[in-house]
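[1] what follows is a predicted protein model with its sequence.
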2 protein chains.
Amino acid sequence: MQSSVKRELLDILGPQGFRDDPETLVTHSYDGTPMLQSLPEAVVYPENTQQVSDVMKVLHRHRIPLVSRGSGTNLCGGTVPLQGGVVMVMHRMNKILEVDLENLTATVQPGLITKTFTEHIESLGLFYPPDPSSMAISTIGGNIAECSGGLRGLKYGTTKDYVIGLEAVLANGDIIRTGGKLMKDVAGYDLTKLLVGSEGTLAIITEATLKLVPPPKAKKTMVAMYNDLYDAARTVSQIIENRIIPATLEIMDRSTIRVVDEFAGLGLPHDMEAMLLIEQDGEPETVERDIARIEEICRAERADRVNVAQSQEEALKLLTARRSAFTALARLRPTTILEDATVPRSKIADMVVEINRIARKHNVTICTFGHAGDGNLHPTATTDARDHEEIKRVEAAFEEIFEAAIRLGGTITGEHGVGVVKAPFLEWKIGPAGIAAMKAIKDSFDPHHLLNPGKVFAKSSRKRVVIDRG
Amino acid sequence: MQSSVKRELLDILGPQGFRDDPETLVTHSYDGTPMLQSLPEAVVYPENTQQVSDVMKVLHRHRIPLVSRGSGTNLCGGTVPLQGGVVMVMHRMNKILEVDLENLTATVQPGLITKTFTEHIESLGLFYPPDPSSMAISTIGGNIAECSGGLRGLKYGTTKDYVIGLEAVLANGDIIRTGGKLMKDVAGYDLTKLLVGSEGTLAIITEATLKLVPPPKAKKTMVAMYNDLYDAARTVSQIIENRIIPATLEIMDRSTIRVVDEFAGLGLPHDMEAMLLIEQDGEPETVERDIARIEEICRAERADRVNVAQSQEEALKLLTARRSAFTALARLRPTTILEDATVPRSKIADMVVEINRIARKHNVTICTFGHAGDGNLHPTATTDARDHEEIKRVEAAFEEIFEAAIRLGGTITGEHGVGVVKAPFLEWKIGPAGIAAMKAIKDSFDPHHLLNPGKVFAKSSRKRVVIDRG
């Protein structure tokens, strides 16, 4: 970095807000995604919106790229500074600015850890539903950038359903405010929802107003084990067709059950093809009635065993085990690649069967778990980045998995984002006209491609593979 | 219209798909908004997406503007062909293409009447919550273009919360598909939500995939009357602070109560300052408990009388009366101007007081009713378009009302859209940087400004008035 630019940034941020020592550069050269690394030239730590704006004005003038980030837990390479430049870490902007009990809103800074926020909200007798598995580490700003989902998506929606207002800094340093403490607002295009999930490529989020809801009064958790994957998948569809929307409706395949059980010591049977983890919440009577009906449906769909948790501790143990799936799988081999191909709910069984077929074909280990109620699956390869030949097979397998998801009416990413990892496949989902429309939006917000360059859009789209059904 | 262009359009659409007789042109020169009229050169009636695309390609080549519309019930001048050109009426594309009971989605064409759709969905034991007051006449495509709200917004959200996939034709005739039957999809920018509420200025919607939900099992409706507006407003806040989210939470001021009662013959007292109309739905026990608690809250907040409807008929009569507010007010004088200034829920009383003060100051009649739970108020002026001096006063009053809404943390439009009527005021809400960002999106989608030109963005923004508090 030119010393004059460094001086300008130091003037804005002070010495505690700017670093370019090698340790800092290296620790901000990667994120939660395996096999991706690129060094920035500097790392900055703004403490207010004005500093973000002033920094962006300097970078804009010098045409230096910027990647804004929280804890970097994303799995799509979303915060790797591919083209160097400056990494902006939002951790110092981590305040809960206000909880408005009359309007049921909270206004927060982006660097706030999601779990810190949800715990504070719960202590006030309210509820912020989005619960990405990373929530103990990830930030609200990161969740907004990626439009994070979680286990409660089916009933409660994802991050985008709770962001009702934003303050953000544009590529030229201008500050915009969208939405507000308003349940209805149609004053122009919905910039709020456009920025949610835009992966730091359109603006730097500096403040968010979030919608809160009353918490459910009761909760109940249960597990059903199946000898046949299709029986489990049919159970998912049957629950919904019976007009029951559970708070959580998770699936694990055979290999995930085994690994999670070995990690968490739950005493689950290892010979089952699929497990459903189901939670319902709401009014006590509703929860009782729904869980009883779900139990009937599980049995009618030939569940081998059904177990309703008898205590909050037992329920928590089950949910914690599910949340630990990634960690448990990550212990198996040096590299874990967790994907999130998503299909219409009715196609889950077809998709899992496809994943297993593709894994066998390429001779790779892929365990699958995920949010069955959303059709949001997490096929996860346990592999070794040092074995280039194996990694090639893993990549080929995932390519076919994306292809299969699209073929089944699904998408290449349900909640992880496109980043750099899935950029070559975006066109498969949205077509060349969709890519052109999105690129036009990018160009209009950030004509010099300074904000998180190299993300979402690939230099060239991958050609679609022809599935060999042999 | 040049005869060669007409020939091209006739070739695409056939004689039943093209009209340019004076009667047709006149009947498509206005919409639900008073005092706005502009003649198109032709009216076209496509019957499929390919025709829409082909028409758009012709118009794009000749740089002829196009306004797509459904029933034209909007109140912001959203479908008036300000710059002539072609009006595209979507009524022939009115099919329910599919209701998917496994995935709880419906795929429909844009010209479908909303009420026809909701009745069909309800006959299948499902529920599509958005219920704009215009729903007996308006179309799903129009609802999407304006992001229509309705009486159920507080609990169920608005149109944007139910649109999960779109097919649309761009200004150059390209066809794009966004989203799908997917509860989670983060493959690139959220074009679906960007197109919802874009008022026909970015694309022509040709198909929509909508999310359905299980219907509530029970419903209960009640009315509370107040001598003091602030007591009613405090009741609204207290209900929410008690963690109850009613399905409907409507307010009417004194003058609206009288007019609606004279129209609907409900026997309401005419000496009350405010009336709340409250509906809760859900599981039977929850509904009973919530309504009982709401009754307590109303009494604690000094409601003069509280009446829970004893039958579905009585409840329906109350809701129908509320839905008739616009019609009832429209009988009073030749011109009715219904606005939708929206504030944070906690500011409703302040806003109604402001509206009354402003109406007195300008010596105009403004009745106010609306969705109190959303802070979405409908100050409605009964006036006479032929009296230019009075209309000037009405316009001055509304300008101050918008100003007041913004000052209270609100917005210029909660559910009606910007169109041409509120375009001069958009900058008050989103600032010059917000306008620039939205204009950049418009330019990127529609560089020649062919789609609904003259809407959303004004030639020049109105200067903010300085409120005279004297």
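    Perfect, thanks for sending it.
[2] what mean pLDDT does stretch A:140-160 have?
    Averaging pLDDT along stretch A:140-160 yields 95.
[3] to clarify, my last question referred to stretch A:108-117.
    98.
[4] got the residues of the stretch 251-400 of chain A near chain B?
    A:282-283, A:285-286, A:289, A:342-346, A:371, A:373-376 (CB under 8 Å from any CB of the partner chain). Every C-beta, even on glycine, is put in place using the N, C-alpha and C of the backbone.
[5] swap the cut-off to 10 Å and go again
    Counting by CB under 10 Å from any CB of the partner chain, the stretch 251-400 of chain A comes close to chain B at A:282-287, A:289-290, A:340, A:342-347, A:371, A:373-376.
[6] let me see the mean pLDDT of the one helix or strand residue A:12 maps to.
    In the assignment (DSSP states H and E), residue A:12 maps to helix A:3-13. Here helix A:3-13 scores 97 as its mean pLDDT.
[7] give the buried residues for that helix.
    Across helix A:3-13, burial judged by 16 or more other CB atoms under 10 Å in any protein chain shown covers A:5, A:8-9, A:12-13.
[8] re the thing from before, filter the residues of the stretch 251-400 of chain A next to chain B to the buried ones?
    The buried subset of these - by 16+ other CB under 10 Å - is A:282-283, A:286-287, A:289-290, A:340, A:342-347, A:371, A:373-376.
[9] mind listing which of the residues you listed are in helices?
    The members of those that map onto helices under DSSP state H are A:286-287, A:289-290.
[10] in TSV, list those along with pLDDT.
    Converted to TSV, these look like this (pLDDT from 0 to 100):
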residue	pLDDT
A:286	93
A:287	96
A:289	96
A:290	97
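[11] OK, contacts around residue A:287?
    By CB atoms under 10 Å, 6 or more residues apart in numbering or on different chains, residue A:287 lies in contact with A:216-220, A:246-247, A:279-281, B:283.
[12] tell me which of those fall in strands.
    Among the contacts of residue A:287, the residues falling in strands (DSSP state E) are A:218-220, A:279-281.
[13] next, the buried residues of the lowest-mean-pLDDT helix or strand in chain A.
    Among the helices and strands of chain A, helix A:312-323 carries the lowest confidence by mean pLDDT, DSSP states H and E, at a mean of 88. The neighbour-count check on helix A:312-323 (16+ other CB under 10 Å) flags A:315, A:317-319, A:321-323 as buried.
[14] show me the shaky parts of chain A.
    In the predicted model, chain A carries pLDDT under 70 at residues A:465-470.
[15] hey, where'd the strands end up in the stretch 151-300 of chain A?
    A:163-169, A:175-179, A:204-211, A:218-226, A:248-253, A:274-282 (DSSP state E, counting those that start in this stretch).
[16] export the fifth one to PDB, keeping only CA atoms.
    Coordinates of each C-alpha in strand A:248-253 appear next as PDB, following Å, rounded to 0.1, in the frame of the first residue of the first chain:
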ATOM      1  CA  THR A 248     -37.500 -27.300  13.000                       C
ATOM      2  CA  LEU A 249     -37.500 -30.300  10.700                       C
ATOM      3  CA  GLU A 250     -34.000 -31.700  10.200                       C
ATOM      4  CA  ILE A 251     -32.800 -34.800   8.400                       C
ATOM      5  CA  MET A 252     -29.500 -36.700   8.800                       C
ATOM      6  CA  ASP A 253     -28.500 -39.600   6.600                       C
END
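[17] tell me the angle it makes with helix A:312-323.
    Compare the direction of strand A:248-253 with that of helix A:312-323 by axes from the mean of the first three to the mean of the last three CA atoms, to 10 degrees and you get 60 degrees.
[18] again with the first one
    Between the axis of strand A:163-169 and that of helix A:312-323 there is an angle of 50 degrees, by the same axes, to 10 degrees.
[19] after the strand or helix carrying residue A:337, heading C-terminal, what element do we hit next?
    Residue A:337 is part of strand A:335-338, with elements assigned from DSSP H and E. Downstream of strand A:335-338, the next assigned helix or strand under DSSP H and E is helix A:348-362.
[20] name the helices or strands packed onto that following helix?
    helix A:229-241, strand A:248-253, helix A:254-264, strand A:274-282, strand A:366-371, strand A:376-383, helix A:388-407 (3 or more CB pairs under 10 Å, 6 or more residues apart in numbering or on different chains; DSSP states H and E).
[21] list the buried residues in it.
    So for helix A:348-362, counting by 16+ other CB under 10 Å, buried means A:348-352, A:354-356, A:358-359, A:361-362.
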